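*Asks:* quick check, what structure comes out for this input:
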Amino acid sequence: HRLGSGMREAREGSMELPDVQYPAMRAVLEHLYGGATHLEPSLALQVLELADRYFINDLKRLCETILIQEVTEETVIPLLQAADRYSAQQLFKHCIGFTVGRFVSVVGRPDYAALSAPLMLHVQHALAPLLSPSASPA
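*Replies:* You can find the predicted model right below:
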């Protein structure tokens, strides 16, 4: 526990988190101390990162639910990458399904070409059952 360990944070009674935006941390603290959280979609990705970092699973699920509503052809790849990075399983599955369902539109996007090999494999594995056997070479 950092604030009781004799470290600078304990002496000063505060802790700096330079990589955290105030509105996102405020949403996390409101959730922790108030329970119900009204979370703006524009903050959901930042809050998802914090919820993952601090193991706040119920807040993480709330963020995923909000972000699922934000998935479009323009946002699916960045959200898939975030879902993978933050182990957001619901969001990950939704993004894979969305990508497969709109594959022709999504595959032509520059951000699709920049996907990591493991994420491309996930998409390909999800797409494979939909390909007809007659479409594969003899």
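*Asks:* didn't L43 look like it was pressed against R26?
*Replies:* No: using CB atoms under 8 Å, L43 is not in contact with R26; the gap is 9.1 Å. (Each C-beta comes from the backbone N, C-alpha and C, glycine too.)
*Asks:* of those two, which one has the most company?
*Replies:* Using other CB atoms under 10 Å as the criterion, L43 and R26 rank with L43 on top: 19 against 13.
*Asks:* could you say what helices and strands the helix or strand hosting that one packs with?
*Replies:* Secondary structure assigned from DSSP states H and E places L43 in helix 41-53. Applying 3 or more CB pairs under 8 Å, 6 or more residues apart in numbering; DSSP states H and E, we find helix 41-53 packed against helix 22-34, helix 57-68, helix 76-85.
*Asks:* mind listing what's buried along it?
*Replies:* 43-52 (16 or more other CB atoms under 10 Å).
*Asks:* contacts for it, please.
*Replies:* With CB atoms under 8 Å, 6 or more residues apart in numbering as the test, helix 41-53 has contacts from 20-21, 23-25, 27-28, 39, 56-57, 59-60, 63-64, 66-67, 69-70, 79, 82, 86-88, 91.
*Asks:* ok, now stretch 91-110?
*Replies:* Residues contacting stretch 91-110 (CB under 8 Å, 6+ apart): 48, 64, 67-68, 71, 73-74, 76-77, 79-80, 82-84, 112, 122-123, 126-127, 130.
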